[in-house]
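Novice: I'll drop the sequence and a predicted model, then ask my questions.
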There are 2 protein chains.
Amino acid sequence: MTIFPALFTVFTMSDQRETILAAAIELYLREGFEGFSMRKLGRELGVTAPALYRHYEGKEHVLAEIMREAHRTFMSTIYRALEAPTALDRFFRAGEGYLDFSLGHPRWYALMFSGPAQIGMEKFPEDIEAMGAAIHQFWIDRVRECMDAGILKEGDPVQTSLTLWAHAHGLVELYHRGHFQIDVTQFRALFEASGARLMSGVATEAFAEELAQKYLNAEAALNA
Amino acid sequence: MTIFPALFTVFTMSDQRETILAAAIELYLREGFEGFSMRKLGRELGVTAPALYRHYEGKEHVLAEIMREAHRTFMSTIYRALEAPTALDRFFRAGEGYLDFSLGHPRWYALMFSGPAQIGMEKFPEDIEAMGAAIHQFWIDRVRECMDAGILKEGDPVQTSLTLWAHAHGLVELYHRGHFQIDVTQFRALFEASGARLMSGVATEAFAEELAQKYLNAEAALNA
DNA sequence: CCTGTGGCGTAACGGTGTTTAGTGCCAAAA
DNA sequence: TTTTGGCACTAAACACCGTTACGCCACAGG
């Protein structure tokens, strides 16, 4: 938590840089990934495209900046869950927040989880990767809390949070790709039910026991 | 199973159409999404770009054809799991096949799970959507088998297969986006462990019971 | 033999990201 | 007050992109 403000401190941008960013965000949210271009962005600002290169090194850097904004917005949504009184409440509120964000701001969600190649970069800048790691850390903390509260099974919170996160992200992705032919409210119900299934386990008790002995032995021994 | 061959019957293409497709696949697999262009494809074939439009209506249709090929390859990989003797073996072999395919052919995997906008289409053609549905059906069948064999808890196989699929897909996506800073063998281990965790359940028994009553009641009553 | 069609090339249109060179303005220094 | 310097901008250009219109030519069918 103490590292959080430092992560999101931004170098003071010139006024023009901020103006451009605001227009870029507006343009991206309206037109999406394919409809975003430097020339359009310039037009929007009453300026020719090359002028933008005085303030941003290239399109990739503008998109990276939008990506930072996406992360910040996501964070501010998700961090509201910390106001809840118990570990369980915080966990569930965080899950709701995740779902709300992914459904309410699909373009920001898509940008957050797009690879470097998609925005024309080899690798993401370090600070963006750090933002991803911070989100992961948030989930790790929620999971650890719930383990301590006797809600989640004891185990490595890092691994368990990945299981939960992958499940949530996978559902959202499949939904956004249009794989499910259902509406939003149906998807919300599906999301909740699938989450509950993940919590309770999919295998029968007999088989779960067998599996646990095979795959989760070392871990269990570690936490005994 | 009987519907399967019909789904993959293709209209006889002219020789040139097939030649173009072969080169297109080669180009896409080598250069990826961003590096694929009609002009490059023409150059590869010793032909100018407009010539391609005698055989394909546009870039989107070429990419759609590659997408069909991706689905076919995926299917032929995954269907090998059906040779295994028991439901459990088929289920696990299918899971291995999924992981192998996603790691061995990341570009094909990415194409299979890319949205229509990414290839420049409004909506996918019906036959491609049918291929996605066929894959889903494959998982549903594996899940139903395992339910009958007493390996998976009784329930709606459609819902349960979605939970499993979303989890697998989410893990693969997060890995491909470079979120995990681990190598392939470590990821394989993570994938297996996370799968086992999903099977056994993440929540403690007490809380799982509480959850089941809240979310899975109707379903359980239905299957009682 | 003629005709028509199919496959291709050329040129072009409008779009993209980006670089280079030049222009004008404004503020600070002399 | 004049000069200078730097900054934000434009215009033009380069190298791409998807796509269309048009003209050419070779080959098959009548």
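Specialist: That came in fine, so what should we check first?
Novice: Have a look at chain A and report its longest helix.
Specialist: Ranked by residue count, the top helix of chain A under DSSP state H comes out as helix A:126-148.
Novice: Give me the contacts around that helix.
Specialist: By Cβ atoms under 8 Å, 6 or more residues apart in numbering or on different chains, the surrounding residues in contact with helix A:126-148 are A:3-4, A:7-8, A:64, A:67-68, A:71, A:74-75, A:78-79, A:81, A:87-88, A:90-91, A:94, A:152-155, A:157-158, A:160-162, A:164-165, B:179. Backbone N, C-alpha and C define where each C-beta goes, glycine included.
Novice: Keep only those of those that are in helices.
Specialist: A:4, A:7, A:64, A:67-68, A:71, A:74-75, A:78, A:87-88, A:90-91, A:94, A:157-158, A:160-162, A:164-165.
Novice: For chain A, which residues are neighbours of DNA strand C?
Specialist: A:36-40, A:49-50, A:53, A:58-60, A:120 (Cβ under 7 Å from any atom of the strand).
Novice: Could you count how many residues lie near A:Tyr28?
Specialist: 22 (other Cβ atoms under 10 Å in any protein chain shown).
Novice: Pretty sure it sits against A:Ile66.
Specialist: Yes - using Cβ atoms under 8 Å, A:Tyr28 is in contact with A:Ile66, at 5.4 Å.
Novice: hey, what's in contact with both of these two?
Specialist: A:Leu111.
Novice: Spatially, which residue comes closest to A:Glu34, not counting chain neighbours?
Specialist: Of all residues not flanking A:Glu34 in the chain, B:Ala117 sits nearest, at 6.0 Å (Cβ to Cβ, 6 or more residues apart in numbering or on different chains).
Novice: my guess is the one you found meets A:Gly32, correct?
Specialist: Yes - taking contacts as Cβ under 8 Å, B:Ala117 lies within contact range of A:Gly32: 6.9 Å.
Novice: Near A:Glu60, how many other residues are there?
Specialist: A count of nearby residues for A:Glu60, using other Cβ under 10 Å, gives 15.
Novice: Pull the distance from the stretch of helix or strand it belongs to to the chain's centre.
Specialist: Here A:Glu60 sits within helix A:59-78, counting by DSSP states H and E. Computed by Cα atoms, centre = their mean, to the nearest Å, the chain-centroid distance of helix A:59-78 equals 11 Å.
Novice: Drop anything exposed from the ones in helices among the contacts of helix A:126-148.
Specialist: When the ones in helices among the contacts of helix A:126-148 are checked for burial by 16 or more other Cβ atoms under 10 Å in any protein chain shown, the buried set is A:64, A:67-68, A:71, A:74-75, A:78, A:87-88, A:90-91, A:94, A:157, A:160-162, A:164-165.
Novice: could you pick out which of these are near chain B?
Specialist: Contacts with chain B are made by A:160, A:162, A:164-165 out of those, judged by Cβ under 8 Å from any Cβ of the partner chain.
Novice: pLDDT added to those, as CSV?
Specialist: Below are these laid out as CSV (pLDDT from 0 to 100):
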residue, pLDDT
A:Thr160, 95
A:Leu162, 96
A:Leu164, 96
A:Trp165, 97
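Novice: any idea which of those residues is closest to DNA strand D?
Specialist: Nearest to DNA strand D among these is A:Trp165, at 35.2 Å by Cβ to the nearest atom of the strand.
Novice: picking that back up, let me see the contact set for the residue nearest to A:Glu34.
Specialist: With contact set as Cβ under 8 Å, 6+ apart, B:Ala117 has these partners: A:32-34.
Novice: Could you report the separation of it from B:Ala166?
Specialist: According to Cβ to Cβ, to the nearest Å, B:Ala117 and B:Ala166 sit 21 Å apart.
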